[in-house]
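Chemist: The sequence isn't on hand, but the structure is:
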DNA sequence: CGAGTACTTGAGGCACCTCAAGTTTTGTGG
DNA sequence: CCACAAAACTTGAGGTGCCTCAAGTACTCG
């Protein structure tokens, strides 16, 4: 079953008991959690991701999942998915692996918010999104569409929106990125990666598709 | 096979290709990653944990695993583990679930380093360790043994060791904890949890063992 | 019992924060 | 397709939580 989402529409919320899984077909989703008076974004999902695969074994959600920009998701009932996995040990391992890569990304995010400066951390987020979008063919000519606003970046990185603004200005001043409207361009991917301390290893991408 | 570890002994390092998994039988392990000139601790493991289960599907490690204090681990070859999992879909789901709980803990750590103050974040770490140690019977009378030093707490929380020291003094001053030598005691679990914004939900513990 | 490691304390500094006001862009109903 | 409101972005200025450096004290273990 398919479901079309407008901007900032909740798929599910903390405390919900999920009975189905979601696959993101088009657009973006973020997972977030309210911590005191702040909102912490835990993950940004790109097309091809299964953002709530963990509900198969941990049905009660410990965070919210919300669309960013117009999006489209596929919905798969748990019962259906379980039948498929029972029938195919190979698919079981594919899905398990998917959740393990996700965990590796969470680990890198701990490094981003814990050990990197605001500048490096924001640069790292852009590198990560570019690499993941590239893997599904959504990076064209070093550019991609990104409906996240500066407050989202702030919530993802644990810094203030004002500081995100100044950080992006610095990245633009250094001619590392351009960001106009919804369109982000990596002007110097190598230098940006160097500043961010980015290494794509943790994404455990199997193969890179040929460049367009 | 069993392996006995002394303090600060590496089990495996970033870049290694693992051919076996580990189960922590006794003591503590931390997973960490070097980020620029800092070390970020990604996870603290307690007895019963499988800290490198992900190597089954992602053999190349993206971080180090090191003992803290004298420890004892069991070593299970991948081939052996895969045979067991092939034979038992139930066990497959149990192990998968284990990695999903671990991912939930990573998410909470993102909140800790991203959205909580130093005081709340350190308090949260203590609450989490107490809850996890309680689940395996290693919390006695609100006390547990913890071989982590202040620099480790700093590396886990993305703050300086000096500030960890001052934070612990504040927690002691507020009569929330005592920490003498290796022994940590929760003097007021409720208040500590409140300060930390701690809710054990994310640990997805199935059942709590009866208190000793 | 000596040497290394961990802990503590003080003091000055800075990366990032909050508040606040203005400008630009985006979305929406008439 | 315009008018208007709301949201997003930008800029300035003062503040603070945590940092770094540095020195001294107290463990711990061989």
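Modeler: Ah, there it is. All figures in this text were calculated on a predicted structure; none of them were measured in a lab.
Chemist: list the helices and strands the longest helix seen in chain A packs on?
Modeler: For chain A, the helix reaching the highest residue count under DSSP state H is reported as helix A:89-115. Contacts defined by 3 or more CB pairs under 8 Å, 6 or more residues apart in numbering or on different chains; DSSP states H and E place helix A:89-115 against strand A:38-45, helix A:78-87, helix A:118-135, strand B:20-35, strand B:38-45, helix B:89-115. Where C-beta positions appear, they are placed from N, C-alpha and C, glycine not excepted.
Chemist: I'd assumed residue A:161 was in contact with residue A:151.
Modeler: Yes. Assessed by CB atoms under 8 Å, residue A:151 is found in contact with residue A:161 at 4.6 Å.
Chemist: could I get the helices and strands packed on helix A:89-115 as a markdown table with mean pLDDT and mean neighbour count?
Modeler: Formatted as a markdown table, those follow (pLDDT from 0 to 100; neighbours: other CB atoms under 10 Å in any protein chain shown):
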| stretch | mean pLDDT | mean neighbour count |
| --- | --- | --- |
| strand A:38-45 | 98 | 22 |
| helix A:78-87 | 96 | 13 |
| helix A:118-135 | 98 | 22 |
| strand B:20-35 | 97 | 20 |
| strand B:38-45 | 98 | 22 |
| helix B:89-115 | 97 | 20 |
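Chemist: out of those, nearest to residue A:189?
Modeler: With CB to CB as the criterion, residue A:189 lies closest to helix A:118-135 of the helices and strands packed on helix A:89-115, at 7.3 Å.
Chemist: Need the contact partners of whichever helix or strand comes after that closest one.
Modeler: Scanning the chain past helix A:118-135 towards its C-terminal end, the next helix or strand to appear is strand A:143-145 (assignment: DSSP states H and E). Among residues not part of strand A:143-145, those counted as contacts by CB atoms under 8 Å, 6 or more residues apart in numbering or on different chains are A:129, A:130, A:133, A:138, A:182, A:183, A:184, A:185, A:186.
Chemist: Tell me which helix or strand the residue nearest to residue A:39 when sequence neighbours are not counted sits in.
Modeler: Computed as CB to CB, 6 or more residues apart in numbering or on different chains, the closest residue to residue A:39 that is not its neighbour in sequence is residue A:155, at 4.9 Å. With secondary structure defined by DSSP H and E, residue A:155 is part of helix A:150-157.
Chemist: Check the offset of that helix from the chain's centre.
Modeler: 12 Å (CA atoms, centre = their mean, to the nearest Å).
Chemist: does any part of the helix or strand following that helix sit near DNA strand C?
Modeler: Secondary structure here is assigned by DSSP H and E; on that basis, the next helix or strand after helix A:150-157 toward the C-terminus is helix A:161-173. Yes. Figure legend: helix A:161-173 in contact with DNA strand C (CB under 7 Å from any atom of the strand); contacting residues A:162, A:163.
Chemist: Taking their axis directions, helix A:161-173 and helix A:118-135 sit at what angle?
Modeler: The directions of helix A:161-173 and helix A:118-135 differ by 70 degrees, with axes from the mean of the first three to the mean of the last three CA atoms, to 10 degrees as the criterion.
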